[in-house]
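*Asks:* The following comprises the amino acid sequence and a computationally predicted model.
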Amino acid sequence: MVLGRTSRVAVLALLSLCLSAAAGFTHLSFNVCRWCEASSPVCRDSVCVSNCSLSSFCSSTDEICIAIWRKFNETMTVQTMCHHPALPLEGVDPTLLQNVSSRECHMVPQPTEEGAMMVCGCKGVHECNDRLIFDKGANGFSKLQSREVIPVVLVSLVPPVLVALVATAAFYFYRTRRFGKPGPPARPDWPGKPSQELYQALDPARQVECGESIANHQSTESNAKIPTLNNGIGDAIEWQGRLTTPLPIKLETLVGKGRFAEVWKARLVQNDKVNSHETVAVKVFPAMEYASWRNECSIYSDPKLQHENIVTFLAAEERGGPGHGHRKYWLVLAYHSLGNLQEFLTENALSWEELIAMATSVAKGLAHLHSDTTPKGVPKVPIAHRDLKSSNIVVKSRQDCALCDFGLALRLDVSLTVDDYANSGQVGTARYMAPEVLESRVNLEDLEAFKQIDVYSMALVLWEMASRCQAIGEVKSFEPAFGSKVCDQPCVDSMRDLVLRDRGRPEIPSTWTQHQGMSVFCSTVTECWDHDPEARLTADCVVERFTALQNEDTDWQNPDLNQEEVQGAREESGLTADLDQQQEDSRDKDSDFQSSSISQNLHSSSTSSFQGLDTQTDSAEESRLVASIV
């Protein structure tokens with residue numbers, strides 16, 4: 001009996017020591033601040049989140065966390081950093097950052113010659129400059145009422161209460177383990193709960209409606225269910241108002257982590273299957289990223305989005321207890337074991353056949369997003385991806401890819417106004433941003449402008465794929481676009497200097513174009529990343545070109561091909577000189593990647609219906625024309 005009491009006293013003493021040490025760590029005098037040169041904030045009501053993913057310890061105990069909010073041409077950016085109040089800061093009144101003692105970042109207007117600018121400073125809380133609080137002012141946000149001062153009595157009571165709760169919990173587990181008393185029974189269909197299954201250990205899940213408003217969602221525990229698309233591609237079912245049971249999903253392995261969510265490999269337990277997928281991918285959003293989950297959910301849940309080159313959507317679920325902080329939001333998607341395209345290219349080189357097949361599938365997926373009809377001719381709303389990159393494309397096989405990650409996608413609905421599109425902000429990944437996005441000069445009155453932005457990003461992805469193709473000769477290690485010219489995570493300013501000022505593009509060596517198919521492939525890529533958005537190809541046109549390359553692939557690979565017949569066909573079509581000029585241009589490293597006349601002819605043929613031009617050849621002649629080139 002005495003031994004038992006001694007053990008309990010020892011446990012309590014150890015816990016008190018741990019809590020004291022933890023309290024000491026929380027009062028470190030060095031601040032940890034968000035630190036990004038420019039990021040695109042996410043705002044709601046009178047609070048903005050910086051959307052900066054980098055943090056750093058301040059080098060001095062006197063340094064504070066600051067945030068500078070700017071608005072220019074309807075584009076908002078936030079700069080975050082550590083700063084010593086005694087040092088000058090360009091464009092900022094030094095008096096605004098003196099005597100800062102607040103633990104929250106309250107924005108204060110700062111006069112500026114162009115646009116609008118606001119500044120805030122804070123300290124005492126790690127990353128306190130991530131959450132920006134606005135009062136009513138030039139930015140148009142509604143006034144946020146200041147939080148009432150917490151009574152001193154409450155502050156005094158919090159530490160002992162926490163100590164008591166932790167001590168009680170520790171004693172309970174100590175008694176339970178010592179005497180072999182089991183804890184609460186596990187859920188019947190889950191035999192165990194390893195640490196990675198924390199999400200399942202919360203209260204039972206419910207499937208929610210993607211279109212449910214944030215206000216309704218956060219203020220009530222409605223029993224509304226979201227219908228799941230439990231069917232194959234193209235066979236959408238009527239799901240409005242249909243009640244479903246949350247899927248018995250068991251998370252297994254964390255396979256990726258992005259800006260907004262984590263991606264898990266998961267398995268449907270008890271041999272339950274959805275669309276024949278026993279293994280699924282689960283994208284888990286924290287509570288604070290509800291808006292991103294809701295946007296991606298609304299995109300995925302549209303039955304008209306279903307396509308073989310779009311990742312298959314299975315379900316959307318809300319999981320967690322009654323407290324908002326414990327909630328998690330799930331997207332259940334088809335799982336593909338080869339991973340994303342960036343990972344695949346890092347580990348694998350491509351043959352010419354694999355390159356053209358995978359590139360065609362990427363273009364088909366984007367063309368379907370941009371199209372205003374489904375493959376069956378049913379009208380649909382076009383969608384701009386706005387964050388297309390190799391890590392947002394999954395590899396289904398060595399011949400097929402699918403687009404994913406629609407957290408920043410935008411419906412190009414004709415009913416929306418210019419102001420609606422202007423509020424969408426400067427989004428995406430800086431490395432893959434088109435020149436007009438970097439310059440904040442997107443033509444918001446033309447919905448095609450958003451599609452042209454995606455085409456530019458796709459061109460960089462196609463270049464990354466081409467750089468790992470064996471047809472170019474020596475295949476080097478994988479590098480993302482502009483990999484040798486910028487850092488791993490370039491900021492908008494760095495890309496603006498490279499792409500706008502220097503008109504830089506990824507290099508296409510002359511050895512790449514010695515392969516006849518690669519020559520046409522590279523010509524297509526250069527037309528897709530043209531500085532002028534209106535000069536870029538459409539995704540549909542890229543599909544047509546790559547399909548023609550696939551159809552003629554057998555002839556290129558045939559060593560017995562009658563070259564005299566090919567040359568005669570070229571002369572008959574009058575394109576020999578144009579082809580020679582294209583080959584000379586492709587070998588010139590310092591050229592501006594001018595589009596060859598052959599590509600222009602193909603482009604004109606594929607887009608003549610939009611430009612009102614009289615076509616000179618029908619589809620059969622166009623296919624023959626491509627065949628004669630090669």
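*Replies:* Cool, got the structure.
*Asks:* Show me where the stretch 401-550 of the chain has its strands.
*Replies:* In the stretch 401-550 of the chain, the strands defined using DSSP state E, counting those that start in this stretch lie at 410-411.
*Asks:* Tell me where it is predicted with low confidence.
*Replies:* Residue ranges of the stretch 401-550 of the chain with pLDDT under 70: 423-426.
*Asks:* Verify the stated contact: residue 508 with residue 521.
*Replies:* No - with contacts counted by Cβ atoms under 8 Å, residue 508 stays clear of residue 521, the gap being 9.9 Å. Any C-beta I mention is one placed from the backbone N, CA and C, and that applies to glycine too.
*Asks:* more crowded one of the two?
*Replies:* residue 521 (27 against 23; other Cβ atoms under 10 Å).
*Asks:* how far away is the residue lying closest to residue 37 once chain neighbours are set aside from residue 171?
*Replies:* Setting aside the residues directly before and after it, residue 37 is nearest to residue 491 in space (Cβ to Cβ, 6 or more residues apart in numbering), at 4.4 Å. Going from residue 491 to residue 171 by Cβ to Cβ, to the nearest Å gives 51 Å.
*Asks:* Tabulate the CA atom coordinates of stretch 411-427 in PDB.
*Replies:* Output in PDB follows, covering the C-alpha atoms of stretch 411-427 (Å, rounded to 0.1, in the frame of the first residue of the first chain):
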ATOM      1  CA  ARG A 411     -15.500  27.800 -62.500                       C
ATOM      2  CA  LEU A 412     -15.600  30.100 -65.600                       C
ATOM      3  CA  ASP A 413     -19.300  30.800 -65.300                       C
ATOM      4  CA  VAL A 414     -20.600  33.500 -67.700                       C
ATOM      5  CA  SER A 415     -22.900  34.700 -64.900                       C
ATOM      6  CA  LEU A 416     -20.000  35.900 -62.800                       C
ATOM      7  CA  THR A 417     -18.800  39.500 -63.000                       C
ATOM      8  CA  VAL A 418     -15.400  40.900 -63.500                       C
ATOM      9  CA  ASP A 419     -15.300  41.800 -59.800                       C
ATOM     10  CA  ASP A 420     -16.000  38.200 -58.900                       C
ATOM     11  CA  TYR A 421     -12.900  37.100 -60.800                       C
ATOM     12  CA  ALA A 422     -10.800  40.000 -59.500                       C
ATOM     13  CA  ASN A 423     -11.400  38.800 -56.000                       C
ATOM     14  CA  SER A 424      -9.900  35.400 -56.800                       C
ATOM     15  CA  GLY A 425      -6.400  37.000 -56.400                       C
ATOM     16  CA  GLN A 426      -3.000  36.000 -57.600                       C
ATOM     17  CA  VAL A 427      -2.900  32.200 -57.000                       C
END
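*Asks:* What are the contacting residues of that stretch?
*Replies:* 40-41, 74-77, 299, 381-384, 386-387, 408, 410, 433, 437, 440, 444-445, 447, 450-451, 492 (Cβ atoms under 8 Å, 6 or more residues apart in numbering).
*Asks:* Below-threshold pLDDT in the stretch 1-150 of the chain: ranges please.
*Replies:* For the stretch 1-150 of the chain, the stretches with pLDDT under 70 are 1-29, 136-150.
*Asks:* All the strands of it, in order from the start?
*Replies:* Secondary structure of the stretch 1-150 of the chain by DSSP E, counting those that start in this stretch: the strands cover 32-34, 36-39, 42-44, 47-49, 55-57, 64-72, 75-83, 105-106, 108-109, 116-122, 131-133.
*Asks:* partners of the fourth one, with directions?
*Replies:* Strand 47-49 pairs in its sheet with strand 42-44 (antiparallel), strand 131-133 (antiparallel), by DSSP bridges.
*Asks:* Same list (those strands) but as JSON lines, adding mean neighbour count and distance to residue 547.
*Replies:* Output for the strands paired with strand 47-49, formatted as JSON lines (neighbours: other Cβ atoms under 10 Å; distance: least, Cβ to Cβ, whole Å):
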{"stretch": "strand 42-44", "mean neighbour count": "16", "distance to residue 547": "39"}
{"stretch": "strand 131-133", "mean neighbour count": "20", "distance to residue 547": "49"}
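*Asks:* out of residue 491 and residue 171, which sits in the busier spot?
*Replies:* For residue 491 versus residue 171, neighbours defined as other Cβ under 10 Å are more numerous around residue 491 (17 against 14).
*Asks:* Residue 127 reaches residue 54, doesn't it?
*Replies:* No - if you go by Cβ under 8 Å, residue 127 and residue 54 don't touch, sitting 10.3 Å apart.
*Asks:* Look at these two and report which has more neighbours.
*Replies:* Neighbours around residue 127 and residue 54, counted as other Cβ under 10 Å, are more numerous at residue 127. The numbers are 19 against 13.
*Asks:* any idea how far that one lies from residue 407?
*Replies:* According to Cβ to Cβ, residue 127 and residue 407 sit 22 Å apart.
*Asks:* what does residue 172 give?
*Replies:* Residue 172 is 41 Å from residue 407, where distance means Cβ to Cβ.
*Asks:* Pick out whichever of those two has more residues nearby.
*Replies:* Comparing residue 172 with residue 407 by other Cβ under 10 Å, the one with more neighbours is residue 407, at 25 against 12.
*Asks:* I'm done for today, thanks for sticking with me.
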